[in-house]
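Asks: Need a 3D model of the sequence below.
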Amino acid sequence: MKKRAGSLLKIASIYVGTVLGAGFASGQELLLFFARFSRRGLVGCLLAGALFCILGALILSRSHSLCKKTPKAYLNTIFGDSGARVLSAVIMVFLCVSFCVMLSGSGAFFVERFSLPVYAGIVVTTLLCLLVFLFDLKGLSVLNLILAPIMLVGTLYVCFYALVTSNTSVWLPQVSSHGRFLPYALFYVGYNMLTSVAVLVPAAGLSPDKKIAAFGGVLGGLVLSCMAFFACLALYFNHGVWNSDLPLLLLSEKAGMVAYFVYSAVLYMAMLTTAVSTGFSVVQSLQSTGMSQKKAAVFVCIAGMPLSFIKFSVLMKNTYVFFGVLGVVLVGGILWNWFRDASF
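Replies: Okay, here's the model as predicted:
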């Protein structure tokens, strides 16, 4: 029983840690995909949460039955060899873009937190990533598992404080009179599934059976749903922070200097570890083509810097929505396969 519970919590924490990256912690993702649509956005947030639960369970349960627990092997069962190759390429490109987005986010962080130029944050973070890539310090990425519960507690504290101190008796006007909130909710799930597949498929091996693997996906999805919903509510009633690149960081300042300091540290570490994990995957991919580790590391860092100078919110809006559209193909394939088989 203890072993099964431990496996359940491990799988759920890995799922949460994968989605709970710097974009989520900054609040920019939630603002872009949900909060800006006001009341409709809250509905979209709940829909996305339900999909996180369902998709997590489906991916983990099917992956548990695979002899070779790799993303390519899993995608083969859904889309066949050709489709799996295309989606694997899309995932790799998205990892490259995510690396650039994290560098851009670190620049925005240095501006808002320390009033330093954007390039200061980008250069510092790039050099730290280069150090990791060169010395193969994979252990730094494990910090995501430590940061996930800290970010969970920190985000909920900041959001509850913001809600308690806000005028929640007055509903804000509906920002969009159209139904765009629905596709944006799907796009949010879509691009998160591109990276989640890469992590959840091997994570299925941690479970003693298929049922526990599926429950791990449901539990992880429920935690993400709760966090996203309360964060969206906090942003909804505090529209004064909407113009910020890091809206939740501004909300943390209202909760006191201790909360502001802790949340600042967690947010930057989330950016750094996300940049390291995505960038390192690209470095390894380049190494598989015959490029040396040193050349691959330097190339990834230099190539990522130009794109990172685009404003964080603008870069995230355009790239994440684009890959969200591509991710919807993955989501649709997983759901159709489930419907066709009428079983997990």
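Asks: residues in contact with residue 95?
Replies: 195, 278, 279, 281, 282 (Cβ atoms under 8 Å, 6 or more residues apart in numbering). Any C-beta I mention is one placed from the backbone N, CA and C, and that applies to glycine too.
Asks: any idea which of those residues is least confident?
Replies: In this model, the minimum pLDDT among those belongs to residue 281 (79).
Asks: Secondary structure element for that residue, which one?
Replies: helix 257-287 (DSSP states H and E).
Asks: got the contact list for stretch 248-268?
Replies: 22, 25-27, 30, 106, 109, 112-113, 147, 150-151, 154-155, 157-159, 161-162, 165, 231, 234-235, 238, 241, 244, 246.
Asks: Apply the buried test to these and list what passes.
Replies: Buried subset of the contacts of stretch 248-268 (neighbour count, 16 or more other Cβ atoms under 10 Å): 22, 25-27, 30, 106, 109, 112-113, 147, 150-151, 154-155, 157-159, 161-162, 231, 234-235, 238, 241, 244, 246.
Asks: Okay, angle between the strand or helix carrying residue 16 and helix 257-287 too, please.
Replies: Using DSSP H and E, residue 16 sits in helix 2-19. Between the axes of helix 2-19 and helix 257-287, defined by axes from the mean of the first three to the mean of the last three Cα atoms, to 10 degrees, the angle is 90 degrees.
Asks: From the buried ones among the contacts of stretch 248-268, which land in helices?
Replies: Those of the buried ones among the contacts of stretch 248-268 mapping onto helices are 22, 25-26, 30, 106, 109, 112-113, 147, 150-151, 154-155, 157-159, 161-162, 231, 234-235, per DSSP state H.
Asks: isn't residue 201 right next to residue 74, touching?
Replies: Yes: applying Cβ atoms under 8 Å as the test, residue 201 and residue 74 come out as touching, 4.6 Å apart.
Asks: Could you name every residue contacting both of those two?
Replies: 59, 63, 66.
Asks: most surrounded residue in these?
Replies: Ranked by the number of neighbours (other Cβ atoms under 10 Å), the shared contacts of residue 201 and residue 74 place residue 59 first, at 27 neighbours.
Asks: residues in contact with it?
Replies: Neighbours of residue 59 in contact, by Cβ under 8 Å, 6+ apart: 74, 196, 197, 200, 201, 204, 217, 334.
Asks: So for the third one, what's the pLDDT?
Replies: Right, the one you point to is residue 197. pLDDT for residue 197: 89.
Asks: Relative to residue 322, how far out is it?
Replies: According to Cβ to Cβ, to the nearest Å, residue 197 stands 18 Å off from residue 322.
Asks: Same drill for these two, tell me which one is more crowded.
Replies: residue 197 (24 against 14).
Asks: The more buried one and residue 70 touch, don't they?
Replies: No: Residue 197 is beyond contact range of residue 70, at 10.2 Å (criterion: Cβ under 8 Å).
Asks: residues near the residue nearest to residue 252 when sequence neighbours are not counted, how many?
Replies: Closest residue in space to residue 252, ignoring its immediate chain neighbours: residue 263 at 3.8 Å, by Cβ to Cβ, 6 or more residues apart in numbering. Residue 263 sits with 24 neighbouring residues when counted by other Cβ under 10 Å.
Asks: sec struct for residue 208, please.
Replies: coil (DSSP: H, G, I helix; E, B strand; the rest coil).
Asks: so what pLDDT did it get?
Replies: On the pLDDT scale, residue 208 gets 83.
Asks: Am I right that it is in contact with residue 8?
Replies: No: if you go by Cβ under 8 Å, residue 208 and residue 8 don't touch, sitting 9.9 Å apart.
Asks: And these two? Which one has more around it.
Replies: A direct count of neighbours by other Cβ under 10 Å for residue 208 and residue 8 places residue 8 higher, at 22 against 13.
Asks: ok, the more buried one touching residue 218?
Replies: No: taking contacts as Cβ under 8 Å, residue 8 lies outside contact range of residue 218: 9.6 Å.
Asks: Residue 240: neighbouring residues, count only.
Replies: Using other Cβ under 10 Å, residue 240 has 10 neighbouring residues.
Asks: oh, I was asking about residue 230
Replies: The local packing of residue 230 (other Cβ under 10 Å) involves 18 other residues.
Asks: gap between it and residue 195?
Replies: Per Cβ to Cβ, residue 230 is found 23 Å from residue 195.
Asks: Any buried residues in the helix holding residue 16, and which?
Replies: Neighbour-count burial for helix 2-19, counted by 16+ other Cβ under 10 Å, picks out 7, 8, 11, 12, 13, 14, 15, 16, 17, 18, 19.
Asks: Contacts for it, please.
Replies: Counting by Cβ under 8 Å, 6+ apart, 52, 56, 60, 144-145, 147-149, 152, 192, 195-196, 199-200, 203-204, 206-208, 212-213, 215-217, 219-221, 223-224 sit against helix 2-19.
Asks: Please work out the average pLDDT along that helix.
Replies: For helix 2-19, mean pLDDT is 80.
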